[in-house]
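Enquirer: only geometry, no sequence info:
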């Protein structure tokens, strides 16, 4: 995907997620779905038929899932690799996706220095969930049309569709320039995000971080064992566990927010959609599973609103706020 270069002298446009909900749909032929849907079955979004596989991303996901199965090979096991799954889930999943892609870039729940913003976005890229601009555009569209036909991944089309199916096919609306201009012009006017969109540059960043895991493991293993093969074994274990297993775990956690939390759980708020609070998803996504709370207060960085609704992502933002790295923090 390639765009014309933005004017870097133009300031970023603050795009309030509450403003998105008030807008008309991207296509004039669509009726504004602000009334939402509480049940029933929906057809595929209008931008999908005729169904065409998105081979680039579908093959990428298939390869990563297959490589993840290498964790079953005893020779590739290491406790360091297991630790890296947990540490990577916190670092790349929570900091990159939950805090970076979601609460900062999509909903602008707080502001921070540019170096920190770009660091969080880069960590998100290392989760193989596409570029920041595309992720943000689709998620803002989801909030505008939640559980109505234009919603990119409502489970009212089907559970598998909402969990992963929507990622495997082309949707004309997602790739259209007008869609990017509408939903993420605030990001694409920054050269950093514009560059990530050019020629799938974000994929090269993901591959580079995978290579770094292997190379560092190779060096450490070789030094500790005194044998090249020992280095290869340790480097491969860090690659399999620290990259592939962690990536798959983070992917399914994010996908569960799209699917599970629109089907099962409880509601604290009477929203216009089927969003639910699901404690299991909240645990594996560091607070993202309190999805009904989030839909009721979209810009708020606090997703857990009752004392027992643990939200580790909010704790991290609170810590950043305490040391002066997070400002203009939005709460309910």
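Expert: Ah, there it is. What you see is a predicted model; the values in this text were computed from it and never measured. Numbers count the residues shown, from 1 in each chain.

Enquirer: Can you report phi and psi for residue 277?
Expert: phi -90, psi 120 (degrees, to the nearest 10).

Enquirer: Can you check which helix is longest in the protein?
Expert: Scanning the chain for the helix with the most residues, using DSSP state H, yields helix 201-225.

Enquirer: what helices or strands is the helix or strand that comes right after it leaning on?
Expert: Where DSSP states H and E defines the elements, the next helix or strand beyond helix 201-225 is helix 228-239. Packing partners of helix 228-239 (3 or more Cβ pairs under 8 Å, 6 or more residues apart in numbering; DSSP states H and E): helix 79-88, helix 201-225. Where C-beta positions appear, they are placed from N, C-alpha and C, glycine not excepted.

Enquirer: Could you save these as a markdown table and add columns showing distance to residue 170 and mean neighbour count?
Expert: Shown next, in a markdown table, are these (distance: least, Cβ to Cβ, whole Å; neighbours: other Cβ atoms under 10 Å):
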| stretch | distance to residue 170 | mean neighbour count |
| --- | --- | --- |
| helix 79-88 | 30 | 17 |
| helix 201-225 | 17 | 17 |
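
Enquirer: Relative to residue 115, which of these is closest?
Expert: Closest to residue 115 of the helices and strands packed on helix 228-239, according to Cβ to Cβ: helix 201-225, at 16.5 Å.

Enquirer: Tabulate the helices and strands packed on helix 228-239 (CSV), appending mean pLDDT and distance to residue 318.
Expert: Below are the helices and strands packed on helix 228-239 laid out as CSV (pLDDT from 0 to 100; distance: least, Cβ to Cβ, whole Å):
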stretch, mean pLDDT, distance to residue 318
helix 79-88, 96, 21
helix 201-225, 97, 28
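
Enquirer: hmm, back to that, tell me what the longest helix of the chain is packed against?
Expert: Applying 3+ Cβ pairs under 8 Å, 6+ apart, we find helix 201-225 packed against helix 114-125, helix 191-197, helix 228-239.

Enquirer: again, 10 Å this time
Expert: helix 55-68, helix 79-88, helix 114-125, helix 132-144, helix 191-197, helix 228-239, helix 246-259 (3 or more Cβ pairs under 10 Å, 6 or more residues apart in numbering; DSSP states H and E).

Enquirer: so of the ones you listed, which one's packed in deepest?
Expert: Highest mean neighbour count among these (mean count of other Cβ atoms under 10 Å): helix 132-144, with a mean of 24.

Enquirer: Next one: the spatially most central residue of the chain from residue 106, what distance?
Expert: In the chain, the residue lying closest to the centroid (Cα atoms, centre = their mean) is residue 97, at 4.6 Å. Distance from residue 97 to residue 106, counting by Cβ to Cβ, to the nearest Å: 10 Å.

Enquirer: same thing with residue 253?
Expert: 17 Å.

Enquirer: go on, residue 282?
Expert: Noted for residue 282: a distance of 18 Å to residue 106, by Cβ to Cβ.

Enquirer: ditto for residue 182
Expert: Using Cβ to Cβ, residue 182 is found at 14 Å from residue 106.

Enquirer: One more: residue 284?
Expert: As judged by Cβ to Cβ, residue 284 and residue 106 stand 20 Å apart.

Enquirer: how many neighbours does residue 268 have?
Expert: Neighbourhood size, residue 268 [other Cβ atoms under 10 Å]: 14.

Enquirer: Please list all residues in contact with it.
Expert: Residue 268 makes contacts with 276-277, 290, 292-293, 296, 305-306, 309, as judged by Cβ atoms under 10 Å, 6 or more residues apart in numbering.
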